[in-house]
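**Q** Requesting a structural model of the entry that follows:
(one chain, ligands or ions: 1)
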Amino acid sequence: MAARGSNGRSDPADAIVVGGGMVGGTLALALAAGGLAVILVDRTPLPAMAAAAYDGRASAVAYASQRLLAQIGLWREVEHAAEPILDIRVSDGASSLFLHYDHRELGGTLEGAPFGWIVENGAIRRGLAALLEAAPNVQVVAPARAERLEPGDPVAELALGDGAVLAAPLIVAADGTESLLRGQARIAAAQWRYPQDGIVCTIGHDEPHDGIAHERFLAAGPFAVLPMTDAPDGTHRSSIVWTERAPYTPAMMKLSDAAFGAEMQRRFGDWYGALRVLGGRWRYPLRMLHAERYVGPRFALVGDAAHTIHPIAGQGLNLGLRDVAALAEVIVDDRRLGLDHGSLATLERYERWRRPDNATLMAVTDGLNRLFSNDVGPVRLARDLGLAAVDRMPGLKRLFMQHAMGTVGTLPRLLRGEAL
Ligand SMILES: Cc1cc2nc3c(=O)[nH]c(=O)nc-3n(C[C@H](O)[C@H](O)[C@H](O)COP(=O)(O)OP(=O)(O)OC[C@H]3O[C@@H](n4cnc5c(N)ncnc54)[C@H](O)[C@@H]3O)c2cc1C
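**A** Model prediction:
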């Protein structure tokens, strides 16, 4: 816990991170690895976030993101729960046309590399909780609600729900899509709600998945079947992300496991034999959000608090991890030069680095969802021809594959697999 004096104030740290989710937790560890004293605040205790019922999703962790996780020591905590993605098959509904990405086509320096790994969020959260609690220069303050941001110089202050006040030269908000601190920093955001929800569950099946990630575009939205590690008893498992029209999802959630399994089978067919639901089902409303600015005086936004995207391409967390790598690098580099790491000049370098990549991915995911989540005949024909054309262009395919792996552009050191 942060040291608090009798006046309810805390000793200043080098940085305060609000939000101990997968992005905020990773940032706290990265900054700590770079030598900063960090206070991490979350309204939920970390062990509660690591409980199985808290988050039923599994994330596609891109190839470059894995290198960041390895650098901060998190990969060795989650490796046992990570299944490599070797093959991606995209199809348009019942159409027989496929877009097929095979990791063996990558070649060059990426020869033999998987596109990424499917990792259960529960495993990531458990790994983060263990490392954060053990990190000597991270103080976890949870449960504690961040309530008020007070800009200031040379430190900004953060008031917590229990009246305590924390202070640091930099406060980073990793407090998710609904970010309270974004509003308090008077940063507006463009946002809308998709008319879809994402239903998530784990399925067991008789046939192995062979490392294939399937993305099937249906009229209601994409239906993804993502390869997971086998259960300890040898059951083959996959994670389902089923995008459905929002008005229908409450009824879907209430179906019996048998009826729900039959609906999945109708959408996915017999690729893996009989499908059965393992454990619970989760429903997530889908949103798009982009903050007008990522930074302010002694303040920065990262992850979903800065940008929230449709899960169609499994990239939201990966964008957040790229924010972490870029922000940690500009901060640590400036501190090494004896500069003020909370200054606007430092933080603006982070924003300039990250905004174009985030904006591009947001436009691509939003466009793909609009293009594919409908059943209009001519649109369908055009997109099927598009899929078939891309499938015959090895150069373009290779570029798409490298984007999915997060290896395109000027990468921060952590994403290149180098120390900070
Ligand atoms: C169905 C679905 C599937 C997805 N699949 C993928 C995928 O395969 N790959 C991928 O890259 N991404 C995926 N994503 C996106 C990814 O899950 C998110 O981008 C990521 O979880 C965002 O993490 P975050 O830490 O930024 O935010 P959050 O997880 O929202 O964390 C915010 C944290 O802040 C805390 N908090 C909030 N307000 C306060 C406050 N006032 N005081 C204290 N604490 C506070 C909360 O308790 C929480 O712990 C998916 C998303 C969905 C919906």
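
**Q** centre of the chain versus stretch 289-308, how much separation?
**A** Taking the mean of its C-alpha atoms, stretch 289-308 sits 15 Å from the chain's own mean (C-alpha atoms, centre = their mean, to the nearest Å).

**Q** measure it end to end?
**A** 5 Å (C-alpha to C-alpha, to the nearest Å).

**Q** So it, near the ligand or not?
**A** Yes - using C-beta under 6 Å from any ligand atom, we find that stretch 289-308 touches the ligand at G303, D304. Backbone N, C-alpha and C define where each C-beta goes, glycine included.

**Q** Now do the buried residues in that stretch.
**A** Within stretch 289-308, the residues scored as buried using 16 or more other C-beta atoms under 10 Å are 289-291, 293-296, 298-308.

**Q** repeat for stretch 412-420
**A** Result for stretch 412-420 [16+ other C-beta under 10 Å]: buried residues P412, R413, L414, L415, L420.

**Q** tell me which parts of the stretch 301-420 of the chain are close to the ligand?
**A** For the stretch 301-420 of the chain, the residues in contact with the ligand (C-beta under 6 Å from any ligand atom) are G303, D304, P311, G314, Q315, G316, L317, N318, G320.

**Q** Please flag which of those residues sit within strands.
**A** Among these, DSSP state E puts none in strands.

**Q** Residues contacting stretch 175-189, please?
**A** Outside stretch 175-189, the residues within contact range by C-beta atoms under 8 Å, 6 or more residues apart in numbering are 18-19, 21, 24, 146-149, 151, 171, 173, 287, 289-293, 296, 299, 301, 303-306, 308.

**Q** Run through the stretch 51-200 of the chain and note the low-pLDDT ranges.
**A** 94-97 (pLDDT under 70).

**Q** Return the residues of it in contact with the ligand.
**A** So the stretch 51-200 of the chain meets the ligand at R57, S59, A60, R145, A146, A174, D175, G176, L180, G198, V200 (C-beta under 6 Å from any ligand atom).

**Q** Let me know whether the second one touches P311 as I believe.
**A** This points to S59. No - the pair formed by S59 and P311 falls short of the contact definition of C-beta atoms under 8 Å, at 9.4 Å.

**Q** any chance of the residues of the stretch 51-200 of the chain next to the ligand in CSV, plus neighbour count?
**A** Output for those, formatted as CSV (neighbours: other C-beta atoms under 10 Å):
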residue, neighbour count
R57, 21
S59, 25
A60, 26
R145, 15
A146, 24
A174, 31
D175, 26
G176, 18
L180, 18
G198, 23
V200, 21
